[in-house]
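Asks: all I have is the shape, not the residue letters:
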């Protein structure tokens with residue numbers, strides 16, 4: 001069996017690949033390079049020159065070859081490797097007529113706990129959406145910002161006391177709204193400086209959040225270590241890291257309790273399995289980052305099924321548009337839902353998602369997806385302070 005063709009399918013806000021073999025098997029994968037999908041697309045075009053004619057079952061060898069061939073890496077390249085890797089695992093599962101997780105050691109669990117996205121542009125809207133998520137049966141909610149989901153077009157300013165005080169007050173209101181039967185996954189989206197994060201984290205301890213995610217920018221591991229050593233709330237981070245070595249470094253610093261590898265950005269199923277093993281050896285749990293399409297969800301479920309240290313899976317909802325920004329859908333996404341780009345999604349009941357039983361990763365792209373849902377790149381837009389300087393949001 002040989003790889004005969006690789007098709008790159010940009011659609012809506014996503015970048016998919018299909019890897020074809022000479023015996024008729026087709027695998028699907030997705031790149032998680034987010035705002036740089038066009039660059040990731042070109043990286044796939046380059047990697048195709050190596051892959052055509054290769055045996056698709058030599059997955060680890062191909063991962064090493066693509067990862068180490070030119071010594072240069074980054075989000076766009078790792079998104080390309082991830083998409084190809086997921087597709088190769090999909091082919092392997094279909095070739096052996098079994099779900100991918102059976103090729104990775106078999107199931108550790110029968111279903112995967114998820115956390116549901118909750119947002120809102122006001123405290124009142126956030127609380128109503130929290131109550132609705134609980135009513136729907138979810139026992140964990142995330143993407144839950146104590147700074148609200150305000151549009152990036154709105155200039156930002158708060159005093160230090162107001163910034164921390166208002167955020168702490170909202171966490172208190174979130175806990176009061178849902179009681180103790182719902183876990184709160186607080187999403188800070190790198191909004192705080194390390195000292196601010198320590199102050200905030202100490203004040204919200206009494207509301208028992210499951211974790212505090214990305215309290216500061218991910219660039220300086222020492223800063224995250226400082227926060228983790230001074231805050232009693234568990235730290236979650238990793239969605240912006242894109243190789244196993246970065247995860248190993250931040251884990252060695254005891255700077256994280258929950259790692260957040262993105263299967264579409266950190267080297268696919270191969271890379272995520274490596275990261276999960278490093279985490280397991282250091283008593284760290286795994287919460288896969290999953291803001292993309294149901295192809296990403298399908299790949300994440302293969303990991304969730306087979307690793308012992310899985311904690312939660314991010315679930316934005318398949319009946320929602322692409323998540324370009326937390327605050328509402330743009331005209332591009334409006335009317336196009338995540339479930340529209342695939343033939344199969346996965347049921348979720350009482351806060352747990354089914355583990356697929358189909359061979360491969362368990363889903364396929366909608367026919368002619370790139371024609372039905374034309375691709376438009378994400379705009380470059382970020383929030384500014386009232387003085388014109390950049391805000392991390």
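Replies: Ah, there it is. Keep in mind that what you see is a predicted model, and the values were worked out from it rather than measured. Numbers count the residues shown, from 1 in each chain.

Asks: first-to-last residue distance for stretch 143-161?
Replies: End-to-end distance of stretch 143-161: 23 Å, with C-alpha to C-alpha, to the nearest Å as the criterion.

Asks: mean confidence score for it?
Replies: When the per-residue pLDDT values of stretch 143-161 are averaged, the result is 93.

Asks: residues touching residue 51, list them.
Replies: For residue 51, the contact set (C-beta atoms under 8 Å, 6 or more residues apart in numbering) comprises 3, 6, 19, 62, 84. Glycine gets a C-beta too; all of them are placed from N, C-alpha and C.

Asks: repeat that for 10 Å
Replies: With contact set as C-beta atoms under 10 Å, 6 or more residues apart in numbering, residue 51 has these partners: 2, 3, 5, 6, 19, 44, 62, 65, 66, 84, 87, 88.

Asks: quick one: it from residue 5, how far?
Replies: The spacing between residue 51 and residue 5, counted by C-beta to C-beta, to the nearest Å, is 10 Å.

Asks: can you check residue 231 too?
Replies: Counting by C-beta to C-beta, the gap from residue 231 to residue 5 is 50 Å.

Asks: which one's more surrounded, those two?
Replies: Counting neighbours by other C-beta atoms under 10 Å for residue 231 and for residue 5 shows that residue 231 has the greater number, 21 against 13.

Asks: so what does the more buried one have for phi and psi?
Replies: Backbone torsions for residue 231, taken as degrees, to the nearest 10, come to phi -120, psi 130.

Asks: how many residues are close by the residue nearest to it when sequence neighbours are not counted?
Replies: Counting by C-beta to C-beta, 6 or more residues apart in numbering, the nearest residue to residue 231 once its immediate chain neighbours are dropped is residue 201, at 3.3 Å. Look at residue 201: counted by other C-beta under 10 Å, it has 24 neighbours.

Asks: measure residue 201 to residue 363 for me?
Replies: From residue 201 over to residue 363 (counting by C-beta to C-beta), the distance is 38 Å.

Asks: what of residue 229?
Replies: According to C-beta to C-beta, residue 229 stands 41 Å off from residue 363.

Asks: the more surrounded of these two?
Replies: Residue environment comparison for residue 229 versus residue 363 gives the larger neighbour count to residue 363, 22 against 12, counting by other C-beta under 10 Å.

Asks: what residues are up against the residue nearest to residue 156 when sequence neighbours are not counted?
Replies: Taking C-beta to C-beta, 6+ apart as the measure, residue 156 lies nearest to residue 391, with 5.1 Å between them; neighbours along the chain are not counted. Contact analysis of residue 391 by C-beta under 10 Å, 6+ apart lists 147, 152, 155, 156, 157, 191, 382, 383, 384, 385.

Asks: for residue 7, give me phi and psi.
Replies: According to degrees, to the nearest 10, residue 7 has phi -100, psi 140.

Asks: in terms of contact, does it touch residue 41 like I think?
Replies: No - because the distance of 11.3 Å does not satisfy C-beta atoms under 10 Å, residue 7 is recorded as not touching residue 41.

Asks: output the below-cut-off pLDDT ranges for this protein.
Replies: Of all residues in the chain, those with pLDDT under 70 make up the ranges 324-334.

Asks: mind listing the helices for it?
Replies: All helices of the chain, identified by DSSP state H, fall at 37-51, 59-68, 75-95, 100-103, 123-135, 160-178, 194-204, 221-230, 244-252, 268-281, 294-306, 369-372.

Asks: and the first one, what's buried?
Replies: If I follow you right, that is helix 37-51. If you call a residue buried by 16 or more other C-beta atoms under 10 Å, then helix 37-51 has these buried ones: 37, 39, 40, 41, 43, 44, 47, 48, 51.

Asks: distance of the last one from residue 359?
Replies: Residue 51 sits at a distance of 21 Å from residue 359 (criterion: C-beta to C-beta).

Asks: how about the contacts made by the residue positioned nearest the centre of the chain?
Replies: Central residue of the chain (C-alpha atoms, centre = their mean): residue 289, 2.2 Å from the mean position. Contacts of residue 289 were listed using C-beta under 10 Å, 6+ apart, and they are 32, 213, 236-241, 259-266, 272, 296, 300, 313-314.

Asks: which residues does it form beta bridges with?
Replies: According to DSSP bridges, residue 262 are recorded as the beta-bridge partners of residue 289.

Asks: residue 23 versus that one, what's the distance?
Replies: When distance is defined by C-beta to C-beta, residue 289 is 34 Å away from residue 23.

Asks: got it, and residue 338?
Replies: If you measure residue 338 against residue 23 using C-beta to C-beta, the figure is 31 Å.

Asks: which one's more surrounded, those two?
Replies: residue 338 (25 against 11).

Asks: ok, the more buried one touching residue 30?
Replies: No - checked against C-beta under 10 Å, the pair residue 338 and residue 30 is beyond contact range at 11.5 Å.

Asks: if I pick residue 309, what's in contact with it?
Replies: Residues near residue 309 by C-beta under 10 Å, 6+ apart: 108, 258-259, 276-277, 279-286.

Asks: 6 Å - rerun?
Replies: By C-beta atoms under 6 Å, 6 or more residues apart in numbering, the contact set of residue 309 is 279, 280, 285, 286.
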